[in-house]
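Trainee: Predicted structure and sequence below. I'll ask about it afterward.
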Amino acid sequence: MFGLDAFHLARTQFAFTVMAHIIFPALSIGLASYLAVLEGMWLRTGQRVYLDLFKYWLKPFSLVFGMGVVSGLVMSYQFGTNWSVFSDKAGPVIGPLMGYEVLSAFFLEAGFLGVMLFGMEKVGPKLHFAATCVVAFGTLLSAFWILVVNSWMQTPVGFTLDADGRFLPADWLAIIFNPSFPVRFPHMVLASYLSVAFVVGATGAWHVLSDKRNEAARTMFSMAMWMAALAAPAQVLVGDAHGLNTLQYQPAKIAAMEGHYEAHDGAPLILFGIPHDDTATMDYEIAIPHLSSLILTHQWNGHTPGLNDFKPEDRPSAEILFWTFRIMVGLGSAMVLLGAASLFLRWKRKLYDSKLMLYASLAMAPSGLIALLAGWVTTEVGRQPYTVYGVLRTAQSVSPIGAPGLAVSLTAFVLVYLLVFGAGVGLVLRLLANPPTRGEHGPSSHPARAHGIVPGPVIAAE
């Protein structure tokens with residue numbers, strides 16, 4: 001499918017760097033909000049366990065945040081090196097949006113991050129909590145602008161083309177709130193929250209298995225399961241809206257995701273099969289009649305497109321999208337089931353007693369991140385063969401650069417990323433391998449009671 005020419009090497013390099021990068025912002029978004037909740041719970045209730053958990057997760061957050069910043073810079077340079085034609089043509093739209101992300105979100109995060117990391121003993125708990133909330137808001141604002149850019153590339157509106165084919169902004173509100181942004185943004189935020197929920201849940205499960213009386217481990221596991229139980233079903237609903245939106249604006253992507261080479265009235269949902277793009281056939285198909293139409297159109301005999309409705313040069317690859325979409329949906333279904341199981345065990349007051357539940361949570365630790373990557377591949381490969389969907393082709397966006405240089409830089413990226421970020425992830429895992437203990441970071445000089453905060457009732461772990 002892919003050759004070793006400069007075009008495919010440039011695509012591979014960007015795909016590698018963006019997939020390595022996206023993990024860290026997703027974790028930063030979820031952990032920043034989790035830290036804000038933990039500190040808020042400590043201030044509200046006065047229970048030391050929330051402060052202990054806040055300090056326990058603060059170091060992993062700072063490492064993840066730093067790796068996200070470093071890995072993000074690399075992609076920015078690639079716009080000027082490997083994708084200079086895209087930067088030239090789409091720059092009048094993309095440039096200001098990326099600038100807004102730096103000026104508003106990143107400066108907001110960076111400005112208050114120092115207070116969040118080092119200021120608890122200096123500024124007081126309420127001001128420190130405000131700084132934590134600002135950092136959490138900054139991560140969401142950063143996601144807002146990045147999703148604006150990506151959504152506009154998926155559903156471009158609000159522009160005109162000049163004589164040289166450059167995109168000139170005509171309506172900034174239309175560009176920002178383009179047709180796919182309202183579903184893509186919450187979909188990404190929920191994916192980030194779920195990714196963190198299952199990492200936190202697995203960490204709590206690991207330490208509960210070692211010591212069921214560890215209050216901090218029990219609390220983090222309980223909070224993670226609440227997030228799974230609430231956010232996973234919400235993600236299903238948002239995903240359904242996302243599918244309807246994609247069917248309207250990118251029907252070829254839907255056809256590839258579903259593995260439909262022919263249009264259908266009452267299309268089946270293909271559970272398993274082996275797609276072949278060269279022959280436009282699906283081998284070993286196992287399907288449920290009408291279910292795809294029911295999901296996509298909410299009608300029993302609703303019409304769904306097939307890839308053969310589009311010119312061969314305009315089709316994304318079903319051989320990739322068919323599998324990445326099923327990985328995402330399969331893991332999402334497992335998240336819903338685990339969240340439902342946690343509610344049942346919580347009701348039976350056996351949340352920490354079920355080893356099956358604890359081991360299942362351990363096994364699901366990377367599920368959110370894997371589903372996130374599978375969804376990202378589905379989104380980006382499904383946009384092909386365009387960078388700006390329907391207007392600017394990917395082959396027209398690449399820089400005039402030779403394959404040897406790209407091959408060398410790609411190899412260097414892989415080696416450096418494995419070394420640097422592998423070491424960073426290893427350090428995070430070492431931190432999480434240590435159990436959270438009461439007061440392990442030393443007493444705080446700003447306990448909630450000392451500042452006139454009346455502790456609320458003790459919140460039962462179950």
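Mentor: Arrived safely, thanks for sending. Numbers count the residues shown, from 1 in each chain.
Trainee: use CA for all of it now, contacts and neighbours both
Mentor: OK.
Trainee: show me where the stretch 151-300 of the chain has strands.
Mentor: 159-161, 167-169, 264-265, 269-276, 281-288 (DSSP state E, counting those that start in this stretch).
Trainee: got these as JSON lines, with mean pLDDT columns?
Mentor: Converted to JSON lines, the strands of the stretch 151-300 of the chain look like this (pLDDT from 0 to 100):
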{"stretch": "strand 159-161", "mean pLDDT": "92"}
{"stretch": "strand 167-169", "mean pLDDT": "94"}
{"stretch": "strand 264-265", "mean pLDDT": "86"}
{"stretch": "strand 269-276", "mean pLDDT": "90"}
{"stretch": "strand 281-288", "mean pLDDT": "89"}
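Trainee: And these: which comes nearest residue 63?
Mentor: Residue 63 lies closest, by CA to CA, to one member of the strands of the stretch 151-300 of the chain: strand 167-169, at 37.4 Å.
Trainee: what's that closest one in contact with?
Mentor: 89, 90, 91, 92, 93, 158, 159, 160, 161, 162, 175 (CA atoms under 8 Å, 6 or more residues apart in numbering).
Trainee: Quick check: the last one touching residue 157?
Mentor: Yes. Counting by CA atoms under 8 Å, residue 175 does reach residue 157; the two are 5.8 Å apart.
Trainee: Looking at the two, which one has more neighbours?
Mentor: A side-by-side neighbour count of residue 175 and residue 157, using other CA atoms under 10 Å, places residue 175 first with 24 against 19.
Trainee: Next one: the closest residue to the more buried one other than its chain neighbours from residue 92, what distance?
Mentor: Sequence neighbours aside, residue 158 is the residue nearest to residue 175 in space, at 5.2 Å (criterion: CA to CA, 6 or more residues apart in numbering). Applying CA to CA, to the nearest Å, the value for residue 158 to residue 92 is 12 Å.
Trainee: The two - which one has more neighbours?
Mentor: The neighbour count for residue 158 versus residue 92, taken as other CA under 10 Å, is higher for residue 158 (18 against 15).
Trainee: which residues do residue 175 and residue 157 both contact?
Mentor: If you check residue 175 and residue 157 against CA under 8 Å, 6+ apart, no residue is contacted by both.
Trainee: could you pull out the helices for the stretch 151-300 of the chain?
Mentor: Secondary structure of the stretch 151-300 of the chain (DSSP state H, counting those that start in this stretch): helices located at 172-176, 181-210, 215-249, 251-258, 291-297.
Trainee: With respect to burial, which of the ones you listed scores highest?
Mentor: Across the helices of the stretch 151-300 of the chain, averaging neighbours per residue (mean count of other CA atoms under 10 Å) puts helix 251-258 on top, at a mean of 26.
Trainee: what angle sits between that helix and helix 215-249?
Mentor: For helix 251-258 against helix 215-249, the angle by axes from the mean of the first three to the mean of the last three CA atoms, to 10 degrees is 130 degrees.
Trainee: Just want the angle from helix 251-258 to strand 269-276.
Mentor: With the same axes, to 10 degrees defining the directions, helix 251-258 sits at 100 degrees from strand 269-276.
Trainee: contacting residues for residue 342?
Mentor: Here residue 342 is in contact with 225, 226, 229, 351, 357 (criterion: CA under 8 Å, 6+ apart).
Trainee: Distance of the fourth one relative to residue 5?
Mentor: Yep, that's residue 351 we're talking about. Computed as CA to CA, the residue 351 to residue 5 distance reads 54 Å.
Trainee: neighbour-wise, which of the two wins?
Mentor: Taking other CA under 10 Å, residue 351 and residue 5 do not tie; residue 351 has more neighbours (22 against 13).
Trainee: Tell me who's in contact with that one.
Mentor: By CA under 8 Å, 6+ apart, residue 351 lies in contact with 222, 342, 345, 357, 462.
Trainee: run the last query once more with 6 Å
Mentor: Neighbouring residues of residue 351 by CA atoms under 6 Å, 6 or more residues apart in numbering: residue 345.
Trainee: quick one: secondary structure of it?
Mentor: Three-state call for residue 351 (DSSP: H, G, I helix; E, B strand; the rest coil): coil.
Trainee: what are the ranges of the helices in the stretch 301-450 of the chain?
Mentor: 318-347, 355-363, 367-383, 403-433.
Trainee: quick revisit: how about the contacts of residue 342 in TSV, adding pLDDT?
Mentor: Formatted as TSV, those follow (pLDDT from 0 to 100):
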residue	pLDDT
225	94
226	95
229	95
351	89
357	93
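Trainee: now, which of those sits nearest residue 295?
Mentor: Closest approach to residue 295 among those (CA to CA): residue 229, at 22.3 Å.
Trainee: For the closest one, give me its contacts.
Mentor: Applying CA under 6 Å, 6+ apart to residue 229 gives the contacts 339, 340.
Trainee: 7 Å instead, please
Mentor: Contact partners of residue 229, counting by CA atoms under 7 Å, 6 or more residues apart in numbering, are 336, 339, 340.
Trainee: Test my guess that the residue nearest to residue 175 contacts residue 177.
Mentor: No. When contacts are counted by CA atoms under 7 Å, residue 158 is not listed as touching residue 177 (9.7 Å).
Trainee: dump the residue contacts of residue 200.
Mentor: Neighbour list for residue 200: 220, 221, 224 [criterion: CA under 7 Å, 6+ apart].
Trainee: swap the cut-off to 8 Å and go again
Mentor: Neighbouring residues of residue 200 by CA under 8 Å, 6+ apart: 220, 221, 224, 365.
Trainee: before we move on, what about residue 194?
Mentor: 30, 227, 228, 231, 232, 368.
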